[in-house]
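In: After the sequence you'll find the predicted model.
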Amino acid sequence: MNELIKLSVLEMRDGLLTGNFSSVDLAKAHLEEIKATNSTYNSFLTVTEELALSQAAAADVKLSLQKSNSPILTGIPVAIKDQLVTEGVKTTCASKILKGFIPPYNCTAVKKLLDDGAVIVGKTNQDEFAMGSSSENSAFGVVRNPWDIESVPGGSSSGSAVAVAAGQAPLSLGTDTGGSIRQPASFTGIVGVKPTYGRVSRYGAVAFASSLDQIGPFGRCVEDAALCLRAIAGKDKRDSTSMEVPVHDYLHEIKKFDGHLKGLRIGLPKEYFIPGMDKEVEDSIRQSLKTYEKLGAEIVEISLPHTEYAIAVYYIVACAEASSNLARYDGVRYGYRYPEAQTLSEMYEKSRSLGFGAEVKRRIILGTYVLSAGYYDAYYKKAQQVRTLVINDFKAAFVNNCDVIATPVSPTTAFKIGEKTADPLQMYLGDVFTVPCSLAGLPGVSIPCGLDSKNLPIGLQLIGKPFSENALLKVAYSFGKETKFDTSKVIGRRF
Ligand code: GLN
């Protein structure tokens with residue numbers, strides 16, 4: 001194994017600027033690691049070796065000309081979730097229906113990384129169309145967790161989380177609709193950021209549930225994730241829901257942390273400590289809050305009374321939007337087409353029933369049902385009304401009680417492969433702590449805060465007010481700074 005893969009992005013930047021190594025060295029080190037470990041983890045669906053080496057060579061030229069004036073990500077390897085379209089590079093969303101699809105353009109977030117000189121090492125495996133929490137819904141095989149290869153890495157951005165956790169790339173992009181960045185970050189012991197809805201352009205992110213989807217970064221430390229977020233954030237005229245809000249230099253701001261958080265009120269929602277959750281997860285979260293108290297923050301109990309409805313609301317709204325978004329895969333314009341159809345309707349029917357996996361079909365059926373004439377009011381409309389109540393819970397907490405909310409990311413640590421596949425509802429219930437934040441469009445960060453007795457990582461979720469990523473990342477950063485808890489240094493890691 002090449003030691004270069006263990007560096008943080010800032011250390012890589014230093015090495016590139018001092019000439020200790022080149023972007024091509026970095027790209028080769030990571031490509032080698034992917035080659036050596038992908039058969040174990042199955043985290044990459046496509047490895048873009050040639051492209052990466054040519055992008056790295058171009059980055060080296062840029063570095064030699066522009067030196068420290070070059071963008072901070074120049075020559076830094078990144079991995080991209082297969083949900084994001086990449087020009088000339090296969091993009092399948094881990095679905096058979098898009099097998100072999102080569103998009104003619106780049107997703108805005110990817111384009112921004114490329115404009116900054118980043119080097120794309122490949123496209124990562126995931127749950128099909130980002131529907132799932134374990135990677136077990138990928139049409140191309142399950143992704144394995146580097147902490148225990150018999151356990152899932154979480155989902156749906158499974159491969160992106162594993163790529164970073166296992167040293168296949170220092171940074172990656174995922175998408176988060178109801179937890180798909182935060183939960184795999186927590187299961188693999190890394191940092192994941194779901195930005196405020198509207199912070200990052202969704203242009204080129206294949207749509208699952210358009211009122212919830214957001215693109216965000218994974219990194220092994222808060223600083224790395226912060227500088228990646230800065231690179232991809234901002235208004236984009238191609239996504240009307242992206243917002244014209246200033247993008248801070250997050251890294252610069254978090255570095256201003258001076259060792260205390262006096263005056264900060266951290267809300268602990270009482271509804272988030274539920275029966276059935278792992279005792280070790282609960283203990284670890286409570287322990288983490290002591291660290292924040294030590295730093296001068298005040299912990300206040302808050303109530304988010306509609307939390308218990310969030311899962312139901314999420315699975316109605318997300319499925320409804322998915323059923324509409326996925327109507328485009330009809331075998332006509334792109335993707336899989338059943339070759340032997342005799343009639344048009346047989347072509348539609350067979351292309352879709354053979355092209356989509358079971359979970360995607362389940363959601364299309366559920367979504368179509370809740371939108372159908374006789375049931376619209378009872379399900380979809382009602383869910384939208386309750387969504388407003390969930391949003392108002394957060395609003396009230398932020399207005400009256402606290403600046404940031406702290407919760408577990410997931411009620412359990414990584415579970416075994418196959419453990420929940422027979423019972424979709426059980427799988428859905430695992431999203432209980434991540435979906436409310438998504439329904440409210442708020443930013444959420446997952447940071448590693450401990451290990452359980454099986455040596456599996458535990459994640460702490462920090463939720464902020466809309467567009468408060470700056471403050472939120474500072475709170476996230478302060479935890480690691482104070483505790484020195486750093487999963488990337490824990491013995492037992494597979495790299
Ligand atoms: N696990 C959730 C689901 O299955 C969230 C997925 C996501 O955020 N893309 O829908």
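Out: Perfect, I can see it now.
In: Would you mind naming what in the chain lies close to the ligand?
Out: Neighbours of the ligand within the chain, by Cβ under 6 Å from any ligand atom: 130-133, 156, 176-180, 208, 318, 431. The way it works is simple: take the backbone N, C-alpha and C, and place the C-beta from them, glycine included.
In: hmm, 8 Å instead?
Out: By Cβ under 8 Å from any ligand atom, the residues of the chain that approach the ligand are 127, 130-133, 155-157, 175-181, 183, 208-209, 212-213, 314-315, 318, 359, 363, 427-428, 430-431, 434-435, 438.
In: can you tell me the residue of this protein closest to the ligand?
Out: Across the chain, the shortest distance to the ligand (Cβ to the nearest ligand atom) belongs to residue 180, at 3.0 Å.
In: tell me the phi and psi of residue 123?
Out: phi -110, psi 140 (degrees, to the nearest 10).
In: ugh, wrong one, I meant residue 457
Out: Main-chain torsions, residue 457, degrees, to the nearest 10: phi -70, psi 150.
In: show me what contacts it?
Out: Shown in contact with residue 457 (Cβ atoms under 8 Å, 6 or more residues apart in numbering): 147, 186, 187, 188, 189, 413, 414, 448, 450, 451, 487.
In: if you skip the residues just before and after it, what's nearest to residue 198?
Out: Leaving aside its sequence neighbours, residue 198 sits nearest to residue 243 (Cβ to Cβ, 6 or more residues apart in numbering; 3.9 Å).
In: what's the burial count for that neighbour?
Out: By other Cβ atoms under 10 Å, the residues close to residue 243 number 18.
In: got it, and residue 474?
Out: Residue 474: 22 surrounding residues under other Cβ under 10 Å.
In: Contacts only, for it.
Out: Residue 474 neighbours (Cβ under 8 Å, 6+ apart): 253, 254, 256, 257.
In: Let's see that with 7 Å instead.
Out: 253, 254, 257 (Cβ atoms under 7 Å, 6 or more residues apart in numbering).
In: Strands of the stretch 1-150 of the chain, residue ranges please.
Out: Taking DSSP state E, counting those that start in this stretch, the strands of the stretch 1-150 of the chain run over residues 44-47, 77-81, 119-124.
In: Repeat that for the stretch 251-400 of the chain.
Out: Under the criterion DSSP E, counting those that start in this stretch, strands of the stretch 251-400 of the chain are mapped to 265-269, 298-302.
In: if we can go back for a sec, tell me the secondary structure for the residue of the chain closest to the ligand?
Out: Here residue 180 takes the coil state, with states given by DSSP: H, G, I helix; E, B strand; the rest coil.
In: burial of the nearest residue to residue 141 once chain neighbours are set aside, as a residue count?
Out: Among residues not flanking residue 141 along the chain, residue 42 sits closest, at 5.1 Å (Cβ to Cβ, 6+ apart). As a burial measure, residue 42 scores 21 neighbours (other Cβ under 10 Å).
In: Surely residue 42 touches residue 138?
Out: No. With contacts defined as Cβ atoms under 7 Å, residue 42 does not count as touching residue 138, sitting 8.2 Å away.
In: and for these two, which residues touch both?
Out: Common neighbours of residue 42 and residue 138 (Cβ under 7 Å, 6+ apart) are residue 125.
In: Looking only at the helix or strand containing residue 474, what residues are buried by neighbour count?
Out: If you go by DSSP states H and E, residue 474 is part of helix 469-483. By 16 or more other Cβ atoms under 10 Å, the buried positions in helix 469-483 come out as 469-480, 482.
In: Can you tell me which of the residues you listed is nearest residue 420?
Out: Nearest to residue 420 among these: residue 476, at 28.5 Å, using Cβ to Cβ.
In: what residues are up against the closest one?
Out: Under the criterion of Cβ under 7 Å, 6+ apart, the neighbours of residue 476 are 222, 445, 447, 462.
In: Can you check what pLDDT the model gives it?
Out: Residue 476 is assigned 97 on the pLDDT scale.
In: Ok, residue 340 next?
Out: 97.
In: Just give me the residue closest to the centre of the protein.
Out: Centroid-nearest residue in the chain, with Cα atoms, centre = their mean: residue 181, separated by 2.0 Å.
In: The closest residue in space to residue 303 that isn't next to it in sequence: neighbouring residues, count only.
Out: On the basis of Cβ to Cβ, 6+ apart, the spatially nearest residue to residue 303 that is not a chain neighbour turns out to be residue 270, at 5.8 Å. Neighbourhood size, residue 270 [other Cβ under 10 Å]: 13.
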